[in-house]
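**Student:** Based on what follows, work out the 3D shape:
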Amino acid sequence: MFTGIIETRGKVIEIQTEGKNKHFVIESDISNELKADESVSHDGVCLTVTNIEGSKYKVTAVDETLKKTNLGTWKPGDLINLERAMAASGRFDGHVVQGHVDQKAKVIDIVNADGSTVFTFELSTPSPLMVEKGSVTVNGISLTCFNVTDRTFSVTIIPYTMEHTTMGRLVNGSEVNIEFDIIGKYVKKLTEYYR
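**Tutor:** Predicted coordinates:
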């Protein structure tokens, strides 16, 4: 489980294709603290560390992950948001994040809001899981959404988040990974079941 509070950024160093899978070699300042079989959120996608060598480690994305996320667009040199799984003794600063991306979205507007930046996103498919002032995960970052419709939503990013995540690299048309709030997903499932 993650909380959507980004720990650091990593850099994609190498991409290897094996059948329908892709192996990503990532360089980061937390690499030497990782161990094989550990789960790490990569732009909001939970991937298992398979190998570590110095400041670099390797993870694998299967075909299903590549189809549902933006990992298939990664290229060497790209920066990505990283978060290790939450320790049982850790603070719960964001919200419950599983690292299971629900769908992709595109940036459709970026506005300088005099000290912060407002991003508006369009979901790839409409969803009832977004609620005004609710939680959403964008590329692994726990954020509060507003101006919610069934297809679009906005978030406000403070300068600290712009500097310490990959949000500052997004432009109109950029594709991002979206994970909806798990509580909303369970409520939707239960209300459908007990209709």
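**Student:** other SSEs contacting the lowest-mean-pLDDT helix or strand in the chain?
**Tutor:** None of the helices or strands of the chain scores lower by mean pLDDT, DSSP states H and E than helix 182-193, at a mean of 88. Using 3 or more Cβ pairs under 8 Å, 6 or more residues apart in numbering; DSSP states H and E, no helix or strand is in contact with helix 182-193. Backbone N, C-alpha and C define where each C-beta goes, glycine included.
**Student:** which residues sit against it?
**Tutor:** For helix 182-193, contacts defined as Cβ atoms under 8 Å, 6 or more residues apart in numbering pick out Val96, Val97, Gln98, Pro128, Leu129, Val131, Gly134.
**Student:** give the contact list for the nearest residue to Val25 once chain neighbours are set aside.
**Tutor:** Take Val25 and drop its neighbours on the chain: the residue closest to it by Cβ to Cβ, 6 or more residues apart in numbering is Glu14, 4.0 Å away. By Cβ under 8 Å, 6+ apart, the contact set of Glu14 is Phe24, Val25, Pro76.
**Student:** Top of those by number of neighbours, please.
**Tutor:** Counting neighbours by other Cβ atoms under 10 Å, the top entry in these is Phe24, with 22 neighbours.
**Student:** okay, now the domains of this protein?
**Tutor:** The record, using the TED database to delimit domains, assigns the chain the ranges 8-84, 103-190.
**Student:** Quick one: the ones you listed as CSV, columns for distance to Gly90 too.
**Tutor:** What follows is these, written out as CSV (distance: least, Cβ to Cβ, whole Å):
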stretch, distance to Gly90
domain 8-84, 10
domain 103-190, 14
